Structure formats: structure tokens, C-alpha cells
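Q: Need a 3D model of the following:
(one chain, ligands or ions: 1)
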Amino acid sequence: MRFLVTAGPTREPIDPVRFLSNRSSGKMGYAIAGAALEAGHEVVLISGPVHLDRPHTAKLIPVSTSDEMFEAVNRQIRDCDVFVMCAAVADYKPANVSATKIKKRSDNFSLQLVPTRDILASHSKTDRSYLVVGFAAETNDLEENAKKKLAEKNLDIVVANDVSGRDSAMESDENEVIILFREGATKKISRAPKKIIARELVNIFANAREKRLTKKMP
Ligand code: CTP
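A: Next up, the predicted model:
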């Protein structure tokens, strides 16, 4: 199968030296790309700026902004079987990017932000041949919020992880996830290294994609 995986944060520039971003390390997405390769799948990895070694045989497409990630996904999605949107895409970007460094002043400063495009929602329309997997990063009401994303973004699967407190999934080598399926089932994977969780996730995604294909057969 062909996996299209996104990973890492995006950077939304404010001026030539500043940007808005988040704490995503890219570890979960890279682990999924690595596990998919290990399982014999073909992998295209679209990655925001991270400090990780590239999975050797994956096609790596480096991007920086949410707009670049949006365009890269657009170009790659057509032939994929499983689309895994693991990246932590910024929800807002500065309304204007200053061409020169913004100078310090003594009064307050506010930045006008505009919403970015939702990459996942824009590729989860009903007439699609690929499986769509989203991630939900939550600090509270994990399952309830993830369930909302599953429905609102029309996903096949959502992987919910807690990004609050000491055991936050962000930046850590470990994670603990709840997987919610479109059909209503849920499955929990207890705390384990992201590489181990990734193997299980890849199996689950490949099986779900297989099932989808079988269902469509006459
Ligand atoms: N996502 C995306 N494009 C965006 C924002 C998010 O494709 N502009 C995707 C993420 O990659 C993830 C899913 O949407 O697979 C959910 O992201 P998350 O940050 O958990 O939630 P949001 O949709 O941004 O909503 P909120 O911040 O209100 O929780």
C-alpha cells in the first residue's frame, strides 16, 4: 500500500526572523512512516521542520508553513491508499508577514491572525478511495473531543492523544492513544514507545483500508 504521512509542526512567519509554531517534535509521524516502511509499504512523508533522521527509504518532502503543507498534500494524495495526518498544523497565521524585522517599541503590540486552511478536512470528502486518519491533540475531554473531530472532519479513524501535563505526547518518546473508528468501535493502546505504538497503528490502518476495499467489491 502507499502511505501518505504528515509529521511535525508548521511555522507561520511573522517577519524574516520570527514565526508562530508549536511543540510538536514529529516523532509520532516519523515512527508511523518508519513502521509502514518496515511493514513493506511505500511511504511519502511530508514533514514540517524537525530534528529527526529521515526514514531511509521514504520519499521525504520538507515543508515549513501550513500553506506549503497544504500544497504538498494536494500534489501527493491522489495515488495514496492511507492518508495519515499526524502533523500539528497551526490553526492561525499572521494576516500580514512583514518584509522587514518588526522593531521593538515601548507600547503594547498585537498581531492580527487569520485561520489557516484545514488540510485534513479538505481531503476527507465522501467520494475518496483512500483511508483518512486524523490525530486529535487534546488537553481535556480526550475521547469526547476526538469523537467530534471524527464526525466533523468525516474521518475513518481518529487517534486521540493527551497533550497536557507531565505525560504529554508532545516531544516525548512515548505515547498512549485511544483509537476511534468511524463505525463506533474504540481501542486503547497503553503507554509505550512511539515506535511500538506506530507498528500497531500501521497494522490497524492497513487492515481498515483492506476492509474498505473488500466492502466495495461486488
Ligand atoms: N489539521 C489539519 N489542518 C489544520 C489543523 C489541523 O489538517 N489547519 C489536522 C491535524 O493534522 C489533525 C487533526 O486536524 O490530524 C486535528 O488537529 P487538532 O490540532 O487536534 O485539532 P484542530 O482541528 O486544530 O482543532 P482544535 O485546535 O480546536 O482542537
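Q: which other helices and strands contact the longest helix seen in the chain?
A: Longest helix in the chain, counting residues (DSSP state H): helix 194-216. With contacts taken as 3 or more Cβ pairs under 8 Å, 6 or more residues apart in numbering; DSSP states H and E, helix 194-216 sits against helix 27-38, strand 82-85, strand 131-138, strand 157-162, strand 174-181, strand 186-193. Placement of C-beta: from N, CA and C, glycine included.
Q: got the contact list for the helix or strand following the first one?
A: Read it as helix 27-38. The first helix or strand that comes after helix 27-38 along the chain, using DSSP states H and E, is strand 42-47. For strand 42-47, contacts defined as Cβ atoms under 8 Å, 6 or more residues apart in numbering pick out 1-8, 26, 29-30, 33, 36-37, 54-55, 57-63, 69, 72-73, 76, 80, 87.
Q: got the buried residues for strand 42-47?
A: 42-47 (16 or more other Cβ atoms under 10 Å).
Q: Export those to CSV and append columns for distance to the ligand and pLDDT.
A: Below are the buried residues of strand 42-47 laid out as CSV (distance: Cβ to the nearest ligand atom, whole Å; pLDDT from 0 to 100):
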residue, distance to the ligand, pLDDT
Glu42, 21, 97
Val43, 17, 97
Val44, 16, 97
Leu45, 14, 98
Ile46, 11, 98
Ser47, 13, 98
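Q: Format the residues you listed as CSV; extra columns: distance to Pro193.
A: Conversion of the buried residues of strand 42-47 to CSV gives the following (distance: Cβ to Cβ, whole Å):
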residue, distance to Pro193
Glu42, 24
Val43, 19
Val44, 24
Leu45, 19
Ile46, 23
Ser47, 20
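Q: Let me know the closest of those residues to Thr214.
A: Glu42 (20.7 Å; Cβ to Cβ).
Q: who does the closest one bridge with?
A: For Glu42, the beta-bridge partners are Arg2 (DSSP bridges).
Q: show me what contacts the residue nearest the centre of the chain?
A: What sits nearest the mean C-alpha location of the chain, by Cα atoms, centre = their mean, is Cys86, with 1.8 Å. By Cβ under 8 Å, 6+ apart, Cys86 lies in contact with 5-7, 28-29, 32, 135.
Q: Are the helix or strand bottoming out on mean pLDDT in the chain and the ligand in contact anywhere?
A: Using mean pLDDT, DSSP states H and E, helix 194-216 stands out as the lowest-scoring helix or strand of the chain, at a mean of 91. No: contact of helix 194-216 with the ligand (Cβ under 6 Å from any ligand atom) is absent, the minimum separation being 13.0 Å.
Q: residues in contact with that helix?
A: 1, 3, 27-28, 31-32, 34-36, 38-39, 41, 81-82, 84, 130-131, 133, 156-157, 159, 172-175, 177, 179, 181, 187, 189.
Q: of those residues, buried ones?
A: Members of the contacts of helix 194-216 classed as buried by 16+ other Cβ under 10 Å are 1, 3, 27-28, 31-32, 34-36, 41, 81-82, 84, 130-131, 133, 156-157, 159, 172, 175, 177, 179, 189.
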